[in-house]
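Visitor: Quick one: sequence and predicted model below, then my questions.
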Amino acid sequence: MSNYIYLVLYVDDKKANRLNDKAIVIRWHKLCKGTVLTQKYIEGEKLSKAELIFFNQAVK
């Protein structure tokens, strides 16, 4: 996309690999609203098998 700039200064691989899904989603939600699935996950709602597939694709 030509109207976005991505800047990564440093990624600590060891620390990043230790983060669980919830920690990743919480950090993501600090930057944007996330998706309906990530919002459901944070609210503690149970995700269906199909929803989990799409959730995992978004988080990983």
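Guide: Received it, and whenever you're ready, just let me know what you need.
Visitor: what number of residues lie near the residue lying closest to Gly34 once chain neighbours are set aside?
Guide: In space, and not counting its chain neighbours, Gly34 is closest to Trp28: 5.6 Å by CB to CB, 6 or more residues apart in numbering. C-beta here means a position set from N, CA and C on the backbone, and glycine is covered the same way. Neighbour count for Trp28, taken as other CB atoms under 10 Å: 16.
Visitor: what separates Val8 from Ala16, distance-wise?
Guide: 11 Å (CB to CB, to the nearest Å).
Visitor: who's more crowded, the two?
Guide: Taking neighbours as other CB under 10 Å, Val8 and Ala16 compare with Ala16 leading, 9 against 5.
Visitor: What pLDDT is listed against that one?
Guide: Reported pLDDT at Ala16 in the predicted model: 86.
Visitor: need the contact list for it.
Guide: By CB atoms under 8 Å, 6 or more residues apart in numbering, the contact set of Ala16 is empty.
Visitor: Now it: which helix or strand?
Guide: For Ala16, the host element (DSSP states H and E) is helix 13-18.
Visitor: and that helix, C-alpha only, in PDB?
Guide: Only the C-alpha atoms of helix 13-18 are listed here, as PDB (Å, rounded to 0.1, in the frame of the first residue of the first chain):
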ATOM      1  CA  ASP A  13      13.200 -12.400  18.800                       C
ATOM      2  CA  LYS A  14      13.500 -14.200  22.200                       C
ATOM      3  CA  LYS A  15      11.000 -11.800  23.800                       C
ATOM      4  CA  ALA A  16       8.600 -11.800  20.900                       C
ATOM      5  CA  ASN A  17       8.500 -15.600  20.900                       C
ATOM      6  CA  ARG A  18       7.600 -15.700  24.600                       C
END
